[in-house]
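whatever this is, show me its structure:
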Amino acid sequence: MQRFILSFLLIALTACTDSGSTPKRPDLPDAPAQQPLPSPAPVTPTSTPLPAPMDDDGEPILPQLGDTNTFEFGTWNIENFPKSDRAVDIASDVVKQTDVDVMALEEVASEVAFQQLLDELPGFSGVLSPHQYGPNDYQKLAFIYRQADLELVDWELLFVKQNYSFPRPPLQAHFRIKTGSRAGQDVYLIAVHLKATTKDDSQQRREAANKALEGYVADLTTRVPGAQVTLLGDFNELVTWQAGLNVFKPWTDKPENYTFHTKPLALNGEYTFISPSRPMLDHMISTRNVELNPITIPKLENMIPSYRDLVSDHLPVMARLP
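This next block holds a predicted model:
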């Protein structure tokens, strides 16, 4: 699969770290967070991200996850897309260079920009949630996918009338893999963007959402034995405090049925939200028959100049289905 090179210079940014103060939950897009976190158990952070390597022309090269014989997918909160007039070009370059087959997107705030993104990605098609808060007011979920490698069997919005649990209804896409070692296999991807903020009511809404989602997946795997299901997206919750762990209990209480792929990464100091406290809010949870290896979180803020200002305050999470 052809890789494309980003057309801007490398700037290595120094990642911020907490300085011994009590860790706090990050400020989230729809309200400031004031509630302090209990101190989590000590963890060993992952290695400091290195600048992207450079090609012969002195341009940065992003990590390439994609492979012709494997299936790769990711999730990316692209923060009220497009955040700037360069967001479309940068996002398309990230998808091209990482070479993923499917990307779930959260916070698509312009249908025009979404189509522009597809126009910048030859061979890709997309599904955009029709959900709106009101006229011209929305943060849509979406999928973009490589048509040569995948057939979109169908898609649907879930829980469209359950506004309390799901201010943004989850978007499910049923894909059939067309190439590589898994050709002919079906996968179900469910993109989520759960309620933000640390208010008690918001946390209760996330708890209710995860309970409803687990019930839905349990029913799906009963109706479709052997279904390979992965939930991915912005869960707006930490696993480094007890209240956050409670939100994920519908999954963690059934380890025989589900794998919480990103929990060990979060406990080891990984992050997806670019802030001084560097929390991990974006996750992947699968039925037990889905193995993801490796899971990659490219540190785009170290690779792309002014990434947080131009594109997003979140980093993508990408994974391979071997």
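
CA atoms for contacts and neighbours, from now on please.
Noted.

now do the helices in the stretch 201-322 of the chain.
With DSSP state H, counting those that start in this stretch, the ranges of helices along the stretch 201-322 of the chain come out as 242-247, 249-252, 263-267, 307-310.

and the first one, C-alpha only, in CSV?
Looking back up the chat, that one is helix 242-247. Only the C-alpha atoms of helix 242-247 are listed here, as CSV (Å, rounded to 0.1, in the frame of the first residue of the first chain):
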residue,chain,number,x,y,z
GLN,A,242,-11.9,3.7,41.0
ALA,A,243,-14.8,5.6,39.8
GLY,A,244,-13.5,5.2,36.2
LEU,A,245,-13.1,1.5,36.7
ASN,A,246,-16.7,1.3,37.9
VAL,A,247,-17.8,2.7,34.5
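
check the gap between the closest residue to Leu117 other than its chain neighbours and Glu156 for me.
Distance criterion Cα to Cα, 6 or more residues apart in numbering; nearest residue to Leu117, sequence neighbours excluded, is Val88 at 5.5 Å. Relative to Glu156, Val88 is positioned 25 Å away (criterion: Cα to Cα, to the nearest Å).

now do Asn236
Asn236 sits at a distance of 22 Å from Glu156 (criterion: Cα to Cα).

neighbour count for those two, which is higher?
For Asn236 versus Glu156, neighbours defined as other Cα atoms under 10 Å are more numerous around Asn236 (25 against 16).

from Ser306, how far out is the more buried one?
As for Asn236, its distance to Ser306 is 23 Å (criterion: Cα to Cα).

again, but for Thr75
For Thr75, the distance to Ser306 - Cα to Cα - is 21 Å.

between those two, which one's more packed in?
Between Thr75 and Ser306, Thr75 has the larger neighbour count (other Cα under 10 Å), namely 26 against 14.

helix or strand for Asp154, which one?
Here Asp154 sits within strand 150-157, counting by DSSP states H and E.

pLDDT of that strand, averaged?
Here strand 150-157 scores 98 as its mean pLDDT.

what pairs with the helix or strand following that strand, parallel or antiparallel?
Once the chain leaves strand 150-157, the next helix or strand it forms, by DSSP H and E, is strand 171-177. Using DSSP bridges, strand 171-177 pairs in its sheet with strand 150-157 (antiparallel), strand 186-193 (antiparallel).

wait, what's in contact with the closest residue to Tyr164 other than its chain neighbours?
Once flanking residues are discounted, Tyr164 sits nearest to Arg205: 6.3 Å by Cα to Cα, 6+ apart. Listed by Cα atoms under 8 Å, 6 or more residues apart in numbering, the contact set of Arg205 reads 164-166, 195.

and the residue nearest the centre of the chain, which helix or strand is it part of?
For the chain, Thr75 is the residue whose C-alpha lies nearest the centre (Cα atoms, centre = their mean; 2.6 Å). Element membership for Thr75 (DSSP H and E) is strand 71-81.

tell me which helix or strand comes right after that strand.
helix 87-98.

give me the angle between that next one and strand 71-81.
Between the axes of helix 87-98 and strand 71-81, defined by axes from the mean of the first three to the mean of the last three Cα atoms, to 10 degrees, the angle is 170 degrees.

tell me what helix 87-98 is packed against?
helix 111-119 (3 or more Cα pairs under 8 Å, 6 or more residues apart in numbering; DSSP states H and E).

and if we set it to 10 Å?
strand 71-81, helix 111-119, helix 307-310 (3 or more Cα pairs under 10 Å, 6 or more residues apart in numbering; DSSP states H and E).

returning to what we had before: pull out the buried residues from the strand holding Asp154.
Across strand 150-157, burial judged by 16 or more other Cα atoms under 10 Å covers 150-152, 155-157.

start to end distance for stretch 151-167?
Stretch 151-167 stretches 29 Å from its first residue to its last (Cα to Cα).

what's the local residue count around Asp201?
12.

now do the same contact list for the spatially closest residue to Leu150 that is not a sequence neighbour.
Nearest non-adjacent residue to Leu150, counting by Cα to Cα, 6+ apart: Ile177, 4.7 Å away. With contacts defined as Cα atoms under 10 Å, 6 or more residues apart in numbering, Ile177 is in contact with 70-71, 101, 147-152, 183-187.
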